[in-house]
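S.K.: Requesting a structural model of the entry that follows:
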Amino acid sequence: MKKMALFGGAFDPIHSGHLAMAQRLAETLSLDSVLLMPSFVPPHKIRESMADGAHRLEMCRLAIEGQPLLQVSDMELRRGGASFTIDTLEELHRLYPDTEWYLITGADVFCTLRTWHRFADVARLAVLCTVARCGTDTAALTDYAARLQADGYRCYVDTQPVQTVSSTEIRVRAAAGKPLGGLVPSCVEAYIKQYGLYQHAAAMLTQTKDEQYTEIIRARLGDSRFQHSLCVAQEARRLAQKYGADADKAYTAGLLHDIMKDTPPQAQLQILQEFAILLDGVEKTNPTLWHARTGAAFLQHILGVDDAEILDAVRYHTTGRVGMSLLEKVLFVADFTSADRTYNDVDVMRRLADESLEAAMEYGVVYTIHDLLNRGVAIHPDTVMVYNELVLSGQQEGIQHEK
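M.R.: Residues are numbered from 1 along each chain as shown. Sure, this is the predicted structure:
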């Protein structure tokens, strides 16, 4: 049987670290070839910042010239849409029935393999492989591999580190007109310059964070959802100024709170799996709740938002929770009272929001519970608990007032 490896990814652009990993495993595992497969636009990536699939494919082809063990496939680009690894492996097994397949992943991704869609089937169809990167915890990789092997899965970790290269750094350097020597093959660098790739990244370098976020959500959301996000951001800033929260954080949270709202459920599932996010019983039955979870994950892992207050505000803007911060309450209420809202009780909600943030919170939670009851939809435990907290807090304040 032949021995081939699938090495998939955005390859945006392909760089020296990718090539070193592929070449290393091809040699150490005595592979007949490694198949580099650029993905269609991954559902969790920032679409406008990515080079077109045709460009990414051509850069891969240029990069492997003179390396007979490496090949390039456009399978996922031709397929289009969000591709799960299991779909690609099953198709490869049909096309190459007499081949033993290996799956190459980056060291950071390797330790999330169990969260992947149909992981057991992925592991059945391929040997799971990775190479340690400079500056990473090799022991964590080998420990994870040992646990996989103990459960009967086949895997291989090459513990001799390869060069750590960041695609983000390459795009930023390209945007600034800086040389890419050593980060990508010279032919890839020339191609990037020839076609002016990553020029959008150059524009983003001069923008404020909120300007960048606005462009990102404009590309990811429909017109009405985009306008809603702008309105929520403005209302969140107003309420933050009124009640003493950080107005800048409130505006940012408002901009980003629905960033995954228009992303198809299947694509959101892939993000949940990639970042090892487990849904509870109610969430599994109600996909409309997923965007808060995937949104917070997108902000943290893709956009690099590291402010815990903003992440929590996005995470709980739909369900609420016990012990909400002031910023979380501001976003929760702003989502109800933004200028674009037209539901029957919106005027009541806006009046309450100007009188008491807690009163508006309670009204909004009650409105949500009534709506879910009328539609026969399960109520998330966080919503029930925050309702109880608000009611009990109000009762306690009333008792203290009577005293």
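S.K.: where are the low-confidence patches of the stretch 151-300 of the chain?
M.R.: 202-206 (pLDDT under 70).
S.K.: So what touches stretch 130-149?
M.R.: 17, 20-21, 24-25, 104-111, 113-114, 123, 128, 155-164 (CB atoms under 8 Å, 6 or more residues apart in numbering). Just so you know, the C-beta spots here come from the backbone N, C-alpha and C atoms, and that holds for glycine as well.
S.K.: From one end of that stretch to the other, what's the distance?
M.R.: 14 Å (CA to CA, to the nearest Å).
S.K.: Buried residues, it. List them.
M.R.: 130, 131, 132, 133, 138, 141, 144, 145, 148 (16 or more other CB atoms under 10 Å).
S.K.: I'd like the next helix or strand past the helix or strand harbouring the second one.
M.R.: It stands for residue 131. If you go by DSSP states H and E, residue 131 is part of strand 127-133. Where DSSP H and E defines the elements, the next helix or strand beyond strand 127-133 is helix 138-150.
S.K.: Between strand 127-133 and that next one, find me the angle.
M.R.: Compare the direction of helix 138-150 with that of strand 127-133 by axes from the mean of the first three to the mean of the last three CA atoms, to 10 degrees and you get 170 degrees.
S.K.: excluding its backbone neighbours, what's nearest residue 362?
M.R.: Among residues not flanking residue 362 along the chain, residue 390 sits closest, at 4.3 Å (CB to CB, 6 or more residues apart in numbering).
S.K.: Look up how far residue 359 lies from the one you found.
M.R.: The gap separating residue 390 from residue 359 is 9 Å, by CB to CB, to the nearest Å.
S.K.: Between those two, which has more neighbouring residues?
M.R.: residue 390 (21 against 17; other CB atoms under 10 Å).
S.K.: Only the buried members of the contacts of stretch 130-149: can you turn that into a PyMOL selection?
M.R.: Remark: buried members of these, expressed as a PyMOL selection using 16+ other CB under 10 Å:
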select buried, resi 17+20+21+24+25+104+105+106+107+110+111+113+123+128+155+156+157+158+162
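S.K.: taking the contacts of stretch 130-149 one by one, which sit in strands?
M.R.: Using DSSP state E, the subset of the contacts of stretch 130-149 located in strands is 104, 128, 155, 156, 157, 158, 159, 160, 161, 162.
S.K.: Turn the residues you listed into a markdown table, columns for distance to residue 374.
M.R.: Shown next, in a markdown table, are the ones in strands among the contacts of stretch 130-149 (distance: CB to CB, whole Å):
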| residue | distance to residue 374 |
| --- | --- |
| 104 | 51 |
| 128 | 48 |
| 155 | 50 |
| 156 | 55 |
| 157 | 54 |
| 158 | 57 |
| 159 | 58 |
| 160 | 61 |
| 161 | 58 |
| 162 | 57 |
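S.K.: now, among the residues you listed, which is nearest to residue 319?
M.R.: residue 128 (35.6 Å; CB to CB).
S.K.: OK, contacts around that closest one?
M.R.: 102, 103, 105, 110, 113, 122, 145, 148, 153, 154, 155, 156.
S.K.: Please apply the same query to residue 307.
M.R.: When contacts are taken as CB under 8 Å, 6+ apart, residue 307 is in contact with residue 249.
S.K.: do residue 282 as well
M.R.: For residue 282, counting by CB under 8 Å, 6+ apart, the contacting residues are 289, 378, 379, 380, 381.
S.K.: ok, so of those, who is nearest residue 64?
M.R.: Of the contacts of residue 282, the one sitting nearest to residue 64 (CB to CB) turns out to be residue 289, at 43.5 Å.
S.K.: To which secondary structure element is the nearest residue to the closest one once chain neighbours are set aside assigned?
M.R.: Closest residue in space to residue 289, ignoring its immediate chain neighbours: residue 283 at 5.0 Å, by CB to CB, 6+ apart. According to DSSP H and E, residue 283 maps onto helix 281-285.
S.K.: Centre-most residue in the protein?
M.R.: residue 298 (3.4 Å; CA atoms, centre = their mean).
S.K.: Show me what the helix or strand that contains it is packed against.
M.R.: Here residue 298 sits within helix 290-301, counting by DSSP H and E. Counting contacts by 3 or more CB pairs under 8 Å, 6 or more residues apart in numbering; DSSP states H and E, helix 290-301 packs against helix 265-274, helix 308-315.
S.K.: neighbours around the residue nearest to residue 289, how many?
M.R.: Residues near residue 283, counting by other CB under 10 Å: 19.
S.K.: Repeat that for the one 4 residues further on.
M.R.: Other residues near residue 287 number 14, with proximity taken as other CB under 10 Å.
S.K.: again with residue 232
M.R.: 28.
S.K.: picking that back up, in the helix holding residue 298, what counts as buried?
M.R.: 290, 291, 292, 293, 294, 295, 296, 297, 298, 299, 300.
S.K.: Over to stretch 348-364?
M.R.: 349, 350, 352, 353, 357, 358, 359, 360, 361, 362, 363, 364.
S.K.: Quick check: end-to-end length of it?
M.R.: First residue to last in stretch 348-364 (CA to CA) measures 10 Å.
S.K.: got it, and stretch 103-111?
M.R.: 14 Å.
S.K.: What's the mean pLDDT across it?
M.R.: Across stretch 103-111, pLDDT averages out at 89.
S.K.: chain center to that stretch, what's the gap?
M.R.: Chain-centre distance of stretch 103-111: 16 Å, with CA atoms, centre = their mean, to the nearest Å.
S.K.: which outside residues touch that stretch?
M.R.: 5-7, 9, 21-22, 25, 34, 85, 89, 113, 122, 126-133, 136, 140-141, 144-145, 157, 274.
S.K.: Could you do stretch 338-351 as well?
M.R.: 224, 227-228, 231-232, 234-235, 333, 336-337, 360, 363-364, 367.
S.K.: Pull out the buried positions in it.
M.R.: In stretch 338-351, counting by 16+ other CB under 10 Å, buried: 338, 341, 346, 349, 350.
S.K.: now, which of those sits nearest residue 182?
M.R.: The closest of these, once distances to residue 182 are taken by CB to CB, is residue 338, at 48.7 Å.
S.K.: For the residue lying closest to that closest one once chain neighbours are set aside, the count of nearby residues, please.
M.R.: Spatial nearest neighbour of residue 338, excluding adjacent residues (CB to CB, 6+ apart): residue 231 at 3.9 Å. Per other CB under 10 Å, the neighbour tally for residue 231 reads 18.
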